[in-house]
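Undergrad: Fold the following for me, if possible:
(one chain, ligands or ions: 1)
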Amino acid sequence: MGTVAAWWRQRVPLDGDHLRELTNEPVPNHLKRWWFCLGGTPAYLFVVQIVSGILLAFYYQPAPSTAYESVRHITDDVNYGWYFRSLHKWAATFMVAAVILHQMRVYFTGAYRKPREINWMVGMCLLVCTLMLGFTGYSLVYEQLSYWGATVGANIAESTPLVGPFLKRLFLAGDGYNQATLSRFFIIHAAILPVTMIFLLGIHVVLLRLHGVTEFQFADEPNDKPKHFRFFPDHFYTELIIGLILMIVLSALATIFPAILGPRADPLTTPEVIKPEWFFYVVFRWLKLFSSTAAILSTGLILFVMFAWPFIDGGIRKWRKGSEFSVYIGIAAVLLIVGLTVWEAAVEH
Ligand code: HEM
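TA: Residues are numbered from 1 along each chain as shown. Alright, predicted model coming up:
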C-alpha cells in the first residue's frame, strides 16, 4: 500500500495539506443560516440533472416520429425509467425555484454590489440558461403542449425587431416546425446549455472564492466570537445534509406524483389552452398584455435592467448616499412577478 501511495504521490504531487488549503476557505458565520447558502442547492440539482439526463438520453430518440414513443418506452418499460424521468422533472422545477430564491437572497442583501457586479451578471446568464433548459426540456416530449408551446415560443421570438426571423429559423431549424426541430432542441438542451452552464459556474465559483462571500455584521452577533467557520468539513457537511434531504424529497415526489404523458402532438389540432411551465407564466401573461413587438421590447428592456442592475444601483447610491431604493424596487418586482404568475395560473386563456 505504501509503495502504491508513494507512486501516486510522485505522479500527483497533491497531499492532504494542499487539499486542506484548497478547500479550507473560511466561511462567514451567516452561512450557517440556510437562506444564505441557497446557491449550493441549484449546484447540487444541476448534478442531479446531468446524471438523470444522461440516463434518459440513452433511450430518448429526438425526432417527431420517435420522440413520444421513446418517452413512453422510458416511462412504461425501461427499468426505473419512470423514476429517473420523474426525478429529472421534479429536480428541474426545484432548480428553477432555487435559482430564483438564491437570486432574491443576493438581491435583498445587496451582495451584488461593488466589487461583485460581474458575478451578478454571470449569475444572470445562469438564470437565462436555467430557464432555457426548462423550456427546451419541456419541448422534447412531443406532447400536444410541447409542440404548441415551442410553436408559440418561436412565433414570439419572430416578433423581435431585425433578428426575429433569424431567431425563429435558428430555434426551429427551419421556417416552421419540421423533422430537424427536435434534434435542434435536443442538442441545445443536452449539450450547448449544460456545457455553457459548467463554464459559467466555473467563473461564478472562481470569482466567489477570489472575493469571498459578502461579510455581514448582525446586531445579535457578539463582537468577541469568531466570525468564520471552516468550509471543510463544517460547511461541506451542511451542504451534504441539504443534498440528502433534497434527494429524499425529490424521490418521494417522483414516486407519489410521477411524470405522466399528455396526448401526442398533433400539428393539425391547436389545443384550446396552451400553457407553458409555471416558471414562464409571468412572461406569458406579460406578453398577452401588450402587442407582440411592444411585449418583446419591454421584456428585453427588463432583462437589460436586471443585467445592469449593480451599475444602475451604484449610480443611484452615489447620487443619494445610503439610498435603499433597491429594496422598494425589489419588493415591487416580487409582487409583480407573483401577481402575474397567479393571474396566469388562475385563468384559462
Ligand atoms: C445555476 C445557478 C447558480 C448557482 C449554482 C449558484 C451558486 C452560487 C453559490 C454556491 C454561491 C455562494 C453563496 C451562496 O450559496 O449564496 C453563490 C453566490 C453568488 N451568486 Fe450565485 N449561483 C447561481 C445563480 C445565480 C444568479 C441567478 C445570480 C444573480 C443574478 C447569482 C449571483 C450571485 C452572487 C452576486 C453571489 C455572491 C454572493 C455573496 O457574495 O454573498 N447567482 N452562487
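Undergrad: ok, so what distance separates the residue nearest to the spatial centre of the chain from F279?
TA: With the centre of the chain defined as its mean C-alpha position, the nearest residue by CA atoms, centre = their mean is T130, 3.0 Å away. Using CB to CB, to the nearest Å, T130 is found at 9 Å from F279. C-beta: built from backbone N, CA, C; applies to glycine.
Undergrad: hey, what's in contact with both of those two?
TA: V96 (CB atoms under 8 Å, 6 or more residues apart in numbering).
Undergrad: who's in contact with S183?
TA: P62, A63, A173.
Undergrad: In which helix or strand does it reside?
TA: helix 181-187 (DSSP states H and E).
Undergrad: So which bits of the helix or strand just after that helix are buried?
TA: Sequence-wise, the next helix or strand downstream of helix 181-187 (DSSP H and E) is helix 193-211. Using 16 or more other CB atoms under 10 Å as the test for burial, helix 193-211 gives L193, P194, T196, M197, L200, L201, H204, L207, L208.
Undergrad: excluding its backbone neighbours, what's nearest the second one?
TA: The one in question is P194. In this structure, P194 finds its nearest non-sequential neighbour in I50, 6.4 Å apart by CB to CB, 6 or more residues apart in numbering.
Undergrad: mind checking how far the lowest-mean-pLDDT helix or strand in the chain is from the chain centre?
TA: None of the helices or strands of the chain scores lower by mean pLDDT, DSSP states H and E than helix 16-23, at a mean of 79. Centroid separation between helix 16-23 and its chain, computed with CA atoms, centre = their mean, to the nearest Å, is 30 Å.
Undergrad: I'd assumed T270 was in a strand, is it?
TA: No - the assignment for T270 by DSSP: H, G, I helix; E, B strand; the rest coil gives coil, which leaves it out of any strand.
Undergrad: Need the buried ones from the contacts of S183 selected in ChimeraX.
TA: Applying 16+ other CB under 10 Å to these, the buried members can be selected in ChimeraX as follows:
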select :62,173
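Undergrad: which one of the contacts of S183 sits closest to G322?
TA: Of all those, G322 sits closest to A173, with 52.2 Å by CB to CB.
Undergrad: and the gap between L193 and the ligand?
TA: Using CB to the nearest ligand atom, to the nearest Å, we find L193 at a distance of 11 Å from the ligand.
Undergrad: show me the residues around that residue that make contact.
TA: With CB under 8 Å, 6+ apart, L193 has these contacts: C129, M132, L133, T136.
Undergrad: Same check on V128?
TA: Shown in contact with V128 (CB under 8 Å, 6+ apart): L303.
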